[in-house]
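[1] based on what follows, work out the 3D shape:
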Amino acid sequence: MDKAAFSMAMLRMLSGSLELIAALVMLRLNDVQKALAVNSMLALVGPLILISTTTIGLVGLADKLSPSKFVWILAGVGCLLIGILRK
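    Have a look, this model is predicted:
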């Protein structure tokens, strides 16, 4: 099994578990303001997971990518982050 793919999958499973736990916490709190605070914390986790999984994937592919493709991938990830983080 490829270590990079396994690590990426584990991070995504962790992220999904955090999402489910947060949803249960929101239901348990039963308050819009508190649920919004929990949701805001998740907004910080999402981009971190995206950056981490992408970094692991790029490191795993680094020896197989040409420098120009690597630049295009980084530009695409940058555009994603700008789109996610800009309000």
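
[2] any idea which helix or strand comes after the helix or strand containing I51?
    Element membership for I51 (DSSP states H and E) is helix 32-61. Moving toward the C-terminus from helix 32-61, the next helix or strand (DSSP H and E) is helix 67-85.

[3] what angle do that next one and helix 32-61 make?
    180 degrees (axes from the mean of the first three to the mean of the last three C-alpha atoms, to 10 degrees).

[4] rewinding a little: any buried residues in the helix holding I51, and which?
    Residues of helix 32-61 classed as buried by neighbour count (16 or more other C-beta atoms under 10 Å): A35, V38, I49, L50, S52, T53, T54, I56. All C-beta spots, glycine's among them, are computed from the backbone N, C-alpha and C.

[5] in JSON lines, list those along with pLDDT.
    Formatted as JSON lines, the buried residues of helix 32-61 follow (pLDDT from 0 to 100):
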{"residue": "A35", "pLDDT": "95"}
{"residue": "V38", "pLDDT": "94"}
{"residue": "I49", "pLDDT": "92"}
{"residue": "L50", "pLDDT": "86"}
{"residue": "S52", "pLDDT": "92"}
{"residue": "T53", "pLDDT": "93"}
{"residue": "T54", "pLDDT": "87"}
{"residue": "I56", "pLDDT": "92"}
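
[6] just those now: which is nearest A4?
    Of all the buried residues of helix 32-61, A4 sits closest to I56, with 5.3 Å by C-beta to C-beta.

[7] quick revisit: now tabulate the buried residues of helix 32-61 in TSV and tack on distance to K64.
    Output for the buried residues of helix 32-61, formatted as TSV (distance: C-beta to C-beta, whole Å):
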residue	distance to K64
A35	44
V38	40
I49	23
L50	21
S52	20
T53	17
T54	15
I56	14
